[in-house]
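Novice: Predicted model and sequence follow; I will ask about them next.
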Amino acid sequence: MNLRPQITTVLAACLGLTMAFGSTALAQSSLDRAVLGTTTPLTEAQKTAVEAYISKSVDAIKDGHNAAAIEEARAALISAARDPASSPTFRKAYAVALIAELGPVVKGGDLRRSINAMQVLRFTRTTEGVDMIVERALPASETDAGKRIAAAGLVADAFEDLDSNNTYFETVARRLKDGMAAETDVLALQQKLAAITAAAHRKDLPAENARAVRKSMVEAIALVSKSIRQSSTPDARVQALQRALVTVRNDLLAMSQAERSAMAKSLALALADLVAAGSTQWGPAHQDPAMSASYASVMNNCEVLLRLIDRGERPQAYAGSKPEGDQRVLGPSWESNDKAKFDAESKRWADVLGAAPYKG
């Protein structure tokens, strides 16, 4: 996978910023305490004070060239939102004011400036700020893959402390899912799948909302899997699915059988698409050692998931057998380049999934 140096550097900076603000004491802002702590809409005088505070730093992010000054400006803008005294009412108004100034930078062509601006918006912990970042994660609205990568990573990070109602996480998960099939960049795809996972794992998110988010995750995997199956050549997007499938497996293991059954059909059919893609793309995929290793991992994950799902859906077919007696076929046959054995197991699963309870 070709990790573009510029993007790698920028993402490292993103991680460094998140770790720095997550591990140190929160600095107090120079804004008046009455403004920061307000629980009522800002007065005109307070709005003017907020705009004046923003104006002291925003130009450095917009068009400054001194790296230290840019970092200082970013820290100053973030400190107001991170101040322990800041209220949800203040942060909402602050986000709106920041968007007015930084929105064009977020959408602009300078990757570093855009990411600096998105970092500031992320720390407002508001849906207004996150909405603007989500938009930059979608191929339909953002052509720069580097920006999509960074935006998706910031969305995932923002879910940890975002102030919103519970249904908002469902909304963002659906937005990310809807743009998944059009995402051609492997890193961007991986980050968006991770963002949906972060939403589902949000602390204190009610089970009903978490189920809805996980449904979007399965639908996202299904969209990508179907797209991969349509290709006759190896598809690098399988690399993005490696970690996602492991996460789905862990979630399935923690679910009740009823919850697992609710997503069994759509997930099993998506896995079948990936297995079929492996058969179609067999020769060229095996010619690239790194790609072949990714396919082997995905095929193994597919088989583990298919067996886990099928044991719950057709327990009678496994009567008398033990889980440890299930010998994996897809992963090992891929690794040994035994296509006949792989195709036979692929056909067996196609037959299983073509009958009840998966069909009809």
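Specialist: Looks like it arrived, so ask away.
Novice: CA atoms for contacts and neighbours, from now on please.
Specialist: OK.
Novice: before we move on, which element is the nearest residue to Ala317 once chain neighbours are set aside in?
Specialist: Among residues not flanking Ala317 along the chain, Arg311 sits closest, at 7.7 Å (C-alpha to C-alpha, 6 or more residues apart in numbering). Per DSSP states H and E, Arg311 falls inside helix 289-313.
Novice: Can you give me the buried ones in that helix?
Specialist: 291-310, 312-313 (16 or more other C-alpha atoms under 10 Å).
Novice: Flag the helix or strand of this structure with the lowest per-element mean pLDDT.
Specialist: Lowest by mean pLDDT, DSSP states H and E among the helices and strands of the chain is helix 5-23, with a mean of 48.
Novice: Using PDB, write out every CA atom in the helix or strand just after that one.
Specialist: Once helix 5-23 ends, the next helix or strand along the chain (criterion: DSSP H and E) is helix 33-36. C-alpha atoms of helix 33-36 as PDB (Å, rounded to 0.1, in the frame of the first residue of the first chain):
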ATOM      1  CA  ARG A  33     -15.800  33.200  32.500                       C
ATOM      2  CA  ALA A  34     -19.300  34.500  32.100                       C
ATOM      3  CA  VAL A  35     -19.100  34.000  28.300                       C
ATOM      4  CA  LEU A  36     -17.500  30.500  28.600                       C
END
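Novice: So which elements touch helix 33-36?
Specialist: Applying 3 or more C-alpha pairs under 8 Å, 6 or more residues apart in numbering; DSSP states H and E, we find helix 33-36 packed against helix 88-107.
Novice: residue ranges with poor pLDDT in the chain?
Specialist: Within the chain, the ranges that satisfy pLDDT under 70 run 1-29, 323-326, 360.
Novice: and if we set it to 90?
Specialist: 1-30, 179, 181, 318-327, 359-360 (pLDDT under 90).
Novice: where's Pro84 relative to Arg91, distance?
Specialist: Distance of Pro84 to Arg91, computed by C-alpha to C-alpha, to the nearest Å: 11 Å.
Novice: neighbour-wise, which of those two wins?
Specialist: Neighbour tally, Pro84 and Arg91, criterion other C-alpha atoms under 10 Å: the higher count belongs to Arg91, 24 against 15.
Novice: ok, the nearest residue to Asn300 once chain neighbours are set aside to Phe342 distance?
Specialist: Using C-alpha to C-alpha, 6+ apart and skipping the chain neighbours, the partner closest in space to Asn300 is Gly331 (4.3 Å). Going from Gly331 to Phe342 by C-alpha to C-alpha gives 8 Å.
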